[in-house]
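K.L.:
just coords:
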(Lines give C-alpha, C1' and ligand atoms only; values in the text may rest on other atoms or scores of the structure.)
Protein backbone atom coordinates (compact mmCIF):
# COMPACT_ATOMS: atom_id res chain seq x y z
CA UNK A 1 0.00 0.00 0.00
CA UNK A 2 1.43 3.38 -1.02
CA UNK A 3 1.30 5.88 1.82
CA UNK A 4 2.42 9.48 1.50
CA UNK A 5 4.22 11.10 4.47
CA UNK A 6 2.41 14.12 5.96
CA UNK A 7 5.06 16.57 4.72
CA UNK A 8 8.33 16.47 2.83
CA UNK A 9 9.02 20.12 3.65
CA UNK A 10 9.97 19.41 7.25
CA UNK A 11 12.66 16.97 6.07
CA UNK A 12 14.05 19.39 3.51
CA UNK A 13 14.02 22.16 6.14
CA UNK A 14 16.00 19.96 8.51
CA UNK A 15 18.55 19.21 5.79
CA UNK A 16 18.86 22.90 4.94
CA UNK A 17 19.65 23.74 8.58
CA UNK A 18 22.76 21.55 8.64
CA UNK A 19 26.08 23.39 8.44
CA UNK A 20 29.20 21.53 7.38
CA UNK A 21 32.56 22.20 8.94
CA UNK A 22 33.87 23.11 5.48
CA UNK A 23 31.17 25.75 5.02
CA UNK A 24 31.82 27.22 8.44
CA UNK A 25 35.54 27.43 7.74
CA UNK A 26 34.87 29.27 4.49
CA UNK A 27 32.82 31.85 6.37
CA UNK A 28 34.70 32.19 9.68
CA UNK A 29 38.08 31.65 11.28
CA UNK A 30 38.67 28.45 13.22
CA UNK A 31 38.88 30.41 16.47
CA UNK A 32 35.48 32.00 15.81
CA UNK A 33 33.92 28.60 15.13
CA UNK A 34 35.42 27.21 18.33
CA UNK A 35 34.13 30.17 20.33
CA UNK A 36 30.63 29.86 18.89
CA UNK A 37 30.63 26.16 19.69
CA UNK A 38 31.80 26.79 23.24
CA UNK A 39 29.16 29.50 23.76
CA UNK A 40 26.38 27.28 22.48
CA UNK A 41 25.74 29.35 19.35
CA UNK A 42 26.78 26.36 17.25
CA UNK A 43 25.65 22.87 18.21
CA UNK A 44 27.50 19.82 16.90
CA UNK A 45 25.10 17.09 15.79
CA UNK A 46 27.52 14.71 14.09
CA UNK A 47 31.11 14.56 12.93
CA UNK A 48 31.74 17.79 11.02
CA UNK A 49 28.05 18.73 11.07
CA UNK A 50 26.55 21.60 13.05
CA UNK A 51 23.36 23.60 13.44
CA UNK A 52 22.72 27.12 14.73
CA UNK A 53 21.22 27.26 18.22
CA UNK A 54 18.20 29.08 16.82
CA UNK A 55 17.56 26.12 14.52
CA UNK A 56 18.06 23.49 17.23
CA UNK A 57 14.79 23.99 19.09
CA UNK A 58 11.57 22.01 18.88
CA UNK A 59 10.08 18.72 20.03
CA UNK A 60 12.02 15.50 20.46
CA UNK A 61 11.09 14.48 16.92
CA UNK A 62 12.25 17.82 15.46
CA UNK A 63 15.64 17.56 17.14
CA UNK A 64 16.13 13.97 16.10
CA UNK A 65 15.16 14.80 12.52
CA UNK A 66 17.99 17.33 12.32
CA UNK A 67 20.40 14.73 13.66
CA UNK A 68 19.22 12.32 10.98
CA UNK A 69 19.85 15.02 8.38
CA UNK A 70 23.33 15.58 9.77
CA UNK A 71 24.19 11.88 9.62
CA UNK A 72 22.68 11.56 6.14
CA UNK A 73 24.78 14.43 4.81
CA UNK A 74 27.95 12.41 5.47
CA UNK A 75 26.74 9.17 3.90
CA UNK A 76 26.93 7.81 0.38
CA UNK A 77 23.86 7.63 -1.82
CA UNK A 78 23.87 3.82 -1.60
CA UNK A 79 24.02 3.77 2.19
CA UNK A 80 21.66 1.70 4.33
CA UNK A 81 18.18 3.08 5.07
CA UNK A 82 17.31 4.80 8.32
CA UNK A 83 15.11 2.60 10.47
CA UNK A 84 13.36 2.09 13.81
CA UNK A 85 12.71 5.33 15.72
CA UNK A 86 14.62 7.34 13.11
CA UNK A 87 12.37 6.10 10.32
CA UNK A 88 9.34 6.88 12.48
CA UNK A 89 10.53 10.47 12.76
CA UNK A 90 11.04 10.70 8.99
CA UNK A 91 7.47 9.47 8.55
CA UNK A 92 6.28 12.21 10.91
CA UNK A 93 5.19 9.78 13.63
CA UNK A 94 5.33 10.75 17.33
CA UNK A 95 7.75 9.00 19.67
CA UNK A 96 5.74 9.89 22.80
CA UNK A 97 8.56 10.95 25.15
CA UNK A 98 11.04 8.42 23.83
CA UNK A 99 14.35 10.16 23.20
CA UNK A 100 16.54 8.19 20.76
CA UNK A 101 20.09 7.75 22.00
CA UNK A 102 21.34 7.32 18.45
CA UNK A 103 20.30 7.51 14.82
CA UNK A 104 19.22 4.06 13.59
CA UNK A 105 20.13 2.42 10.28
CA UNK A 106 19.64 -1.18 9.12
CA UNK A 107 21.69 -3.28 6.74
CA UNK A 108 22.72 -6.94 6.55
CA UNK A 109 26.36 -5.84 6.23
CA UNK A 110 26.39 -4.20 9.65
CA UNK A 111 27.72 -5.99 12.70
CA UNK A 112 24.86 -4.91 14.94
CA UNK A 113 27.15 -2.97 17.29
CA UNK A 114 25.94 0.45 18.40
CA UNK A 115 28.78 2.93 18.03
CA UNK A 116 27.77 5.58 20.55
CA UNK A 117 30.86 7.64 19.80
CA UNK A 118 29.38 8.54 16.44
CA UNK A 119 25.78 8.38 17.53
CA UNK A 120 24.71 5.79 14.97
CA UNK A 121 23.06 2.45 15.84
CA UNK A 122 23.73 -0.04 13.06
CA UNK A 123 21.31 -2.96 13.05
CA UNK A 124 22.48 -6.14 11.37
CA UNK A 125 19.32 -7.02 9.47
CA UNK A 126 18.47 -7.13 5.79
CA UNK A 127 15.88 -4.73 4.39
CA UNK A 128 14.37 -5.78 1.04
CA UNK A 129 13.95 -3.15 -1.66
CA UNK A 130 10.17 -3.11 -1.29
CA UNK A 131 10.63 -2.13 2.36
CA UNK A 132 12.65 0.98 1.47
CA UNK A 133 11.22 4.39 0.59
CA UNK A 134 12.73 7.84 0.14
CA UNK A 135 11.36 10.78 2.12
CA UNK A 136 12.75 14.21 1.38
CA UNK A 137 15.74 12.64 -0.33
CA UNK A 138 16.54 10.40 2.65
CA UNK A 139 16.10 6.60 2.42
CA UNK A 140 14.25 4.88 5.24
CA UNK A 141 12.15 1.82 5.93
CA UNK A 142 8.55 1.64 4.72
CA UNK A 143 5.72 2.58 7.04
CA UNK A 144 4.85 -1.06 7.71
CA UNK A 145 8.45 -2.06 8.39
CA UNK A 146 8.95 0.99 10.59
CA UNK A 147 5.95 0.22 12.78
CA UNK A 148 7.07 -3.41 13.01
CA UNK A 149 10.61 -2.45 14.08
CA UNK A 150 9.37 0.14 16.56
CA UNK A 151 6.98 -2.38 18.13
CA UNK A 152 9.94 -4.66 18.84
CA UNK A 153 12.31 -2.06 20.23
CA UNK A 154 10.52 0.91 21.82
CA UNK A 155 8.62 1.13 25.11
CA UNK A 156 4.97 0.09 24.83
CA UNK A 157 3.54 3.62 25.07
CA UNK A 158 5.82 4.89 22.32
CA UNK A 159 5.14 1.86 20.11
CA UNK A 160 1.37 2.34 20.47
CA UNK A 161 1.65 6.05 19.68
CA UNK A 162 3.63 5.25 16.53
CA UNK A 163 1.18 2.55 15.42
CA UNK A 164 -1.86 4.77 16.02
CA UNK A 165 -0.33 7.64 14.08
CA UNK A 166 0.65 5.30 11.25
CA UNK A 167 -2.90 3.94 11.01
CA UNK A 168 -4.26 7.47 10.83
CA UNK A 169 -1.73 8.29 8.13
CA UNK A 170 -2.98 5.32 6.12
CA UNK A 171 -6.72 5.89 6.56
CA UNK A 172 -7.32 9.60 7.11
CA UNK A 173 -7.93 11.87 4.09
CA UNK A 174 -7.11 15.41 5.28
CA UNK A 175 -8.66 17.05 2.23
CA UNK A 176 -12.03 15.31 2.35
CA UNK A 177 -11.78 14.77 6.12
CA UNK A 178 -12.86 11.17 5.74
CA UNK A 179 -11.55 8.10 7.57
CA UNK A 180 -11.25 5.13 5.20
CA UNK A 181 -12.11 2.14 7.36
CA UNK A 182 -11.39 -0.23 4.50
CA UNK A 183 -7.86 1.08 4.08
CA UNK A 184 -7.33 0.87 7.82
CA UNK A 185 -8.49 -2.76 7.92
CA UNK A 186 -6.33 -3.73 4.93
CA UNK A 187 -3.24 -2.15 6.47
CA UNK A 188 -3.92 -3.71 9.90
CA UNK A 189 -4.27 -7.12 8.27
CA UNK A 190 -0.96 -6.67 6.43
CA UNK A 191 0.72 -5.80 9.74
CA UNK A 192 -0.79 -8.86 11.42
CA UNK A 193 0.55 -11.06 8.63
CA UNK A 194 4.02 -9.54 8.99
CA UNK A 195 3.99 -10.20 12.72
CA UNK A 196 2.78 -13.76 12.16
CA UNK A 197 5.63 -14.45 9.74
CA UNK A 198 8.12 -13.10 12.25
CA UNK A 199 6.71 -15.32 14.98
CA UNK A 200 6.99 -18.33 12.69
CA UNK A 201 10.63 -17.49 12.02
CA UNK A 202 11.29 -17.32 15.76
CA UNK A 203 9.45 -20.60 16.32
CA UNK A 204 11.53 -22.30 13.62
CA UNK A 205 14.72 -21.15 15.35
CA UNK A 206 13.48 -22.47 18.70
CA UNK A 207 12.80 -25.85 17.14
CA UNK A 208 16.48 -25.93 16.33
CA UNK A 209 18.67 -27.87 13.93
CA UNK A 210 22.24 -29.07 14.11
CA UNK A 211 23.11 -28.77 10.42
CA UNK A 212 22.56 -26.10 7.76
CA UNK A 213 20.47 -28.57 5.77
CA UNK A 214 18.08 -28.84 8.71
CA UNK A 215 17.85 -25.06 8.95
CA UNK A 216 17.00 -24.87 5.26
CA UNK A 217 14.38 -27.58 5.59
CA UNK A 218 12.71 -25.75 8.48
CA UNK A 219 12.55 -22.56 6.44
CA UNK A 220 10.41 -23.96 3.64
CA UNK A 221 7.06 -23.77 5.50
CA UNK A 222 7.88 -20.16 6.47
CA UNK A 223 8.42 -19.12 2.88
CA UNK A 224 5.20 -20.71 1.66
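P.N.:
Everything's here; your move. Quick caveat: nothing in here was measured; it's all calculated off a predicted structure.
K.L.:
which stretches of the protein form strands?
P.N.:
With DSSP state E as the criterion, the chain has strands at 19-20, 42-46, 49-52, 103-107, 114-115, 120-124, 132-135, 138-141, 172-173, 178-179.
K.L.:
point out the most buried one among those strands.
P.N.:
strand 138-141 (a mean of 26; mean count of other CB atoms under 10 Å). (Each C-beta comes from the backbone N, C-alpha and C, glycine too.)
K.L.:
tell me which residues are up against that strand.
P.N.:
11, 15, 68-69, 72, 79-84, 86-87, 90-91, 106, 127, 131-134, 146, 149 (CB atoms under 8 Å, 6 or more residues apart in numbering).
K.L.:
repeat the analysis, applying 10 Å as the threshold.
P.N.:
Contacts of strand 138-141 with the rest of the structure, by CB atoms under 10 Å, 6 or more residues apart in numbering, involve 5, 8, 11-12, 14-15, 65, 68-69, 71-73, 75, 77-84, 86-91, 104-106, 127, 131-134, 146-150.
K.L.:
average pLDDT for that strand?
P.N.:
Averaging pLDDT along strand 138-141 gives 95.
K.L.:
tell me how far that strand is from the chain's mean position?
P.N.:
For strand 138-141, the separation from the chain centroid amounts to 7 Å (computed by CA atoms, centre = their mean, to the nearest Å).
K.L.:
could you flag which of the contacts of strand 138-141 are buried?
P.N.:
With neighbours counted by 16 or more other CB atoms under 10 Å, the contacts of strand 138-141 contain buried members at 5, 8, 11, 14-15, 65, 68-69, 71-73, 80-84, 86-91, 104-106, 127, 131-133, 146-150.
K.L.:
for residue 128, the count of nearby residues, please.
P.N.:
With neighbours defined by other CB atoms under 10 Å, the count for residue 128 comes to 8.
K.L.:
contacts only, for the spatially most central residue of the chain.
P.N.:
Centroid-nearest residue in the chain, with CA atoms, centre = their mean: residue 87, separated by 1.9 Å. Contact analysis of residue 87 by CB under 10 Å, 6+ apart lists 68, 81, 93, 104-106, 132-133, 135, 138-143, 145-147, 149-150, 162.
K.L.:
cool, and residue 167?
P.N.:
Contacts for residue 167 (CB under 10 Å, 6+ apart) come out as 143, 147, 179, 183-184, 187-188, 191.
K.L.:
again, only using 6 Å
P.N.:
residue 184 (CB atoms under 6 Å, 6 or more residues apart in numbering).
K.L.:
ok, now how distant is it from residue 184?
P.N.:
6 Å (CB to CB, to the nearest Å).
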